[in-house]
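Chemist: Predicted model and sequence follow; I will ask about them next.
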Amino acid sequence: MGDTEKTTSAAVDAERVKHGSGRSGSISARVRDSFDCGVVRHFFTSYDVITEKWRSSALAGIFKKRLFLRIIARIRRTVAASIERSTILRFVSAQMKRLLSLTLSYYGTALFFFGVYTSIIYLICLMLPAMGADMDSLITGVSLMLVSLPLLLSRKTLAEAISESRIARWLVFSVFGFRREDLASVKRSRGRADVAFIVGMILGFLTFYVDPLVIISGLVAIPALYILFLSPEAGVVVFFTIALLISAEAAVKFIFILAASYFLKLIRGRRTFSLDAADFLVFLFGVLLYFAGKINYAGGNASKGVDMYVVYILFYFIAVNLIKSEAQRERCRHAAAYGAAAVAVLFLARRFAFDFIPDLSHINSNVVKELFSFIEQAAENAAGCVLYLVAALPLFTSSFLRRRGDSKPLRMFLFAAVSVAAVVYTLSRGLWLGAAGGLLLFLFIYNFKYIYGLIAFGCMVPIVMFSLPQKAAGYLAGIFSMSGSRTIGRVIVRRTSLSILKDNWLCGVGRADGLFSKIYSLYTNTPHFSENSQNLYIQIGIELGVAGLIVFFLAMLLLMIKAFTAVRFTRGGIRLNSAASVAGFAAMLIYGMTDYIWADPRVFLIFFMFAAFVSAYNSELPKHDSIHWGMVIGSEREASIDI
């Protein structure tokens, strides 16, 4: 690149030698030097060169045309002006900020009378058999009155309570990223007790028509939506945690809300949008995926899930353009770790603990039934997203290596232990291969000497197998047996899938529900039936043709080059986390060689969530975005309570 690049590279290499990772006498140092001085290093760390070519390309030049930029600027000024002058928006913003200035006793009064009138409505329904009384309403009413008692005795404002509460402070400042100065500047305002009484009474009367839990959920949802529109970055952090535990349809709705929040900020010049070469290829892959669902051998518009997949790709661009600073990346990394730990715990609980849950049919409380139903549904969703654990294992390892002497490594170690237990219990050779490949890549980047420990562990496997009981050793040997019926079936399925790809290599067969099974039945008479090719790359080739396969490979290659470039030109914790993100992403790509991992739409979402995570970790390098408009936000900028 130039003198700057050579100086930066030399400084980073000198830093590695200084810390003992490049001693010339060791085998690991020689292997590392052979990579550093070879074609691999210059090819996989040349994203700046690719970016320069992208900037000078004719395609990127279209978005630099003065006419295009003038049209965009006029649209933005018109829409932004109408938003800024919106009376409704200013009223909502003023009322939401006023809620922070009210004392907790005001909220306690409203909750107390909400509970009182909820209980009164329950007694009225109890005396009218035709109405039907629900015991849950009485439980909710009494609970609201009990919760309101400590609030009635407090004279603190809501802003002061958030600042002094450890949990609320962690949630608002560390997770959502709001500024402490905004809450400190909130002035106390007097709330009228009669207004709080009327609000509680109205909410209590509404329980005659609506379940009180629905009303409470609505009261919680309103500020939650407001927070999303204040800070779409907070929505990205939350989504990294809950995406695996909610349904695919709920994830689509969340992404649409997040997209609306981001667009509102973008059109007002408070966020930026950028598109580089890797992002453009991901966009092109999404376009091919969309048209594959509209034009296919099943007759077009036959696939209901394609639109969902395209929405999931939309989250990639939202995350890439919102995860800008080191603080935001740290929040997303911790959110991914907590999400992976939740998946592991729920997966293990579904396999072991759920068998001991008693029959709830005799319980009259709908709340208890719905609670256990929600937990069971979350566990079922988590069971389909075990791939998330493979991608998160390098993140756990980086956290443990980076924060020695702190309490957080122990927490991450426990998360990693639970995740490893869940991965092992899946008894999936492909999943194990992906996890091992990701960890090997991470350790190779961090310090090649750790490979010796893994080699020693591999040499101990035969000894462990020999020392195990015969029944357990035979079971484990059966998993790795290549002569079993499952392995033979996979070989037959992939051979048949290659035949389908050979006949439809140009444009593919498209995407539709049940389309692969129908085509597969035309190519084989064997009893081995399959709904997919059991290989990610073969399936992409069958559905999108050679063009889709090439675009996908190029997009993944550029993302890996982008990440390796960040690994080369950064140091310390940033470099460690960059290596962990690219290793986790590589683990998913390795697992894709052994199975079609996109059969579950949420796994497709996980894949592009981590793709965005990998892309975001290159932001420490100088930006050369070809398509870029909006006001640039500094790395220390946090969310504001002004919408």
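Modeler: Yep, it's here. Here the structure is a predicted model, which means the values were calculated and not measured.
Chemist: where along the chain do the strands fall?
Modeler: 273-275, 627-629 (DSSP state E).
Chemist: rank the ones you listed by pLDDT, which is bottom?
Modeler: The weakest mean pLDDT among these belongs to strand 627-629, with a mean of 38.
Chemist: Ala416 - how many residues pack around it?
Modeler: 24 (other Cβ atoms under 10 Å). C-beta: built from backbone N, CA, C; applies to glycine.
Chemist: biggest helix in this structure, by residue count?
Modeler: The single longest helix within the chain, with elements called by DSSP state H, is helix 536-569.
Chemist: Show the average pLDDT along that one.
Modeler: 87.
Chemist: Next: stretch 101-114.
Modeler: pLDDT averaged over stretch 101-114 gives 89.
Chemist: What are the buried residues along the longest helix of the chain?
Modeler: For helix 536-569, the neighbour count (16 or more other Cβ atoms under 10 Å) marks 536-545, 547-549, 551-552, 554-556, 558-569 as buried.
Chemist: Which other helices and strands does that helix contact?
Modeler: Where contact means 3 or more Cβ pairs under 8 Å, 6 or more residues apart in numbering; DSSP states H and E, helix 536-569 is packed against helix 3-18, helix 39-44, helix 47-55, helix 277-294, helix 485-503, helix 515-523, helix 572-591, helix 601-616.
Chemist: Any chance of those in JSON lines with distance to Ile318 and mean pLDDT as columns?
Modeler: Listed next are these as JSON lines, based on distance: least, Cβ to Cβ, whole Å; pLDDT from 0 to 100:
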{"stretch": "helix 3-18", "distance to Ile318": "31", "mean pLDDT": "47"}
{"stretch": "helix 39-44", "distance to Ile318": "27", "mean pLDDT": "57"}
{"stretch": "helix 47-55", "distance to Ile318": "21", "mean pLDDT": "69"}
{"stretch": "helix 277-294", "distance to Ile318": "12", "mean pLDDT": "87"}
{"stretch": "helix 485-503", "distance to Ile318": "33", "mean pLDDT": "79"}
{"stretch": "helix 515-523", "distance to Ile318": "30", "mean pLDDT": "82"}
{"stretch": "helix 572-591", "distance to Ile318": "18", "mean pLDDT": "82"}
{"stretch": "helix 601-616", "distance to Ile318": "8", "mean pLDDT": "86"}
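Chemist: could I get the ones you listed as a markdown table with mean neighbour count?
Modeler: Shown next, in a markdown table, are these (neighbours: other Cβ atoms under 10 Å):
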| stretch | mean neighbour count |
| --- | --- |
| helix 3-18 | 12 |
| helix 39-44 | 13 |
| helix 47-55 | 18 |
| helix 277-294 | 20 |
| helix 485-503 | 16 |
| helix 515-523 | 15 |
| helix 572-591 | 23 |
| helix 601-616 | 24 |
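Chemist: now those helices in TSV, with distance to Tyr338?
Modeler: Compiled in TSV, those are given as follows (distance: least, Cβ to Cβ, whole Å):
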stretch	distance to Tyr338
helix 3-18	31
helix 39-44	31
helix 47-55	30
helix 277-294	26
helix 485-503	34
helix 515-523	36
helix 572-591	15
helix 601-616	14
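Chemist: Return the set of buried residues in stretch 255-272.
Modeler: Neighbour-count burial for stretch 255-272 flags 255, 258-259, 261-262, 264-268, 270-272 (criterion: 16+ other Cβ under 10 Å).
Chemist: That stretch - what's its average pLDDT?
Modeler: pLDDT averaged over stretch 255-272 gives 84.
Chemist: Only the C-alpha atoms, please, for that stretch, written as CSV.
Modeler: Extracted in CSV, the C-alpha atoms of stretch 255-272 (Å, rounded to 0.1, in the frame of the first residue of the first chain):
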residue,chain,number,x,y,z
ILE,A,255,-36.2,-6.0,12.2
PHE,A,256,-38.9,-3.9,10.6
ILE,A,257,-39.2,-1.7,13.7
LEU,A,258,-35.4,-1.5,13.8
ALA,A,259,-35.3,-0.5,10.1
ALA,A,260,-37.9,2.2,10.7
SER,A,261,-35.9,3.6,13.6
TYR,A,262,-32.6,3.5,11.6
PHE,A,263,-34.3,5.1,8.6
LEU,A,264,-35.7,7.9,10.7
LYS,A,265,-32.3,8.7,12.1
LEU,A,266,-30.6,8.4,8.6
ILE,A,267,-33.0,10.7,6.8
ARG,A,268,-32.5,13.3,9.5
GLY,A,269,-28.7,13.1,9.1
ARG,A,270,-28.1,11.6,12.6
ARG,A,271,-26.8,8.3,11.3
THR,A,272,-24.7,7.2,8.2
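Chemist: which stretches of the stretch 401-550 of the chain aren't confidently modelled?
Modeler: The stretch 401-550 of the chain contains residues with pLDDT under 70 at 402-409, 447-451, 453-454, 457-458, 461-462, 464-487, 526-528.
Chemist: If we use 50, what do you get?
Modeler: In the predicted model, the stretch 401-550 of the chain carries pLDDT under 50 at residues 404-407.
Chemist: How many neighbouring residues does the nearest residue to Val386 once chain neighbours are set aside have?
Modeler: Nearest non-adjacent residue to Val386, counting by Cβ to Cβ, 6 or more residues apart in numbering: Thr426, 5.6 Å away. Using other Cβ under 10 Å, Thr426 has 18 other residues around it.
Chemist: Make 348 the starting number, not 1.
Modeler: Understood, numbering begins at 348; the last thing we discussed is Thr773.
Chemist: Please tell me how far Thr773 sits from Ala691.
Modeler: Distance, Thr773 to Ala691, using Cβ to Cβ, to the nearest Å: 11 Å.
Chemist: likewise Val629?
Modeler: Distance, Val629 to Ala691, by Cβ to Cβ: 28 Å.
Chemist: likewise Phe932?
Modeler: From Phe932 to Ala691 the distance is 19 Å (Cβ to Cβ).
Chemist: Likewise for Val898?
Modeler: Per Cβ to Cβ, Val898 is found 34 Å from Ala691.
Chemist: before we move on, what about Ile847?
Modeler: Distance of Ile847 to Ala691, given as Cβ to Cβ: 36 Å.
Chemist: swap in Tyr656?
Modeler: Using Cβ to Cβ, one gets 26 Å for the distance from Tyr656 to Ala691.
Chemist: Which residue of those two possesses the greater neighbour count?
Modeler: More crowded of Tyr656 and Ala691, by other Cβ under 10 Å: Ala691, with 25 against 21.
Chemist: The more buried one contacts Ala769, correct?
Modeler: Yes - taking Cβ atoms under 8 Å as the definition, Ala691 is a contact partner of Ala769 at 4.0 Å.
Chemist: what is in contact with the two at once?
Modeler: Residues within reach of Ala691 and of Ala769 at once, by Cβ atoms under 8 Å, 6 or more residues apart in numbering, are Leu736.
Chemist: Return the residues in contact with the closest residue in space to Met492 that isn't next to it in sequence.
Modeler: Nearest-residue entry for Met492: Gly462, 3.8 Å, with adjacent residues in sequence omitted and distances by Cβ to Cβ, 6+ apart. Neighbouring residues of Gly462 by Cβ under 8 Å, 6+ apart: Thr487, Gly488, Val489, Ser490, Leu491, Met492, Ser495, Gly547, Gly551.
Chemist: Quick one: mean pLDDT for stretch 553-560?
Modeler: Across stretch 553-560, the average pLDDT comes to 86.
Chemist: Pull out the buried positions in stretch 546-553.
Modeler: Val546, Gly547, Met548, Leu550, Gly551, Leu553.
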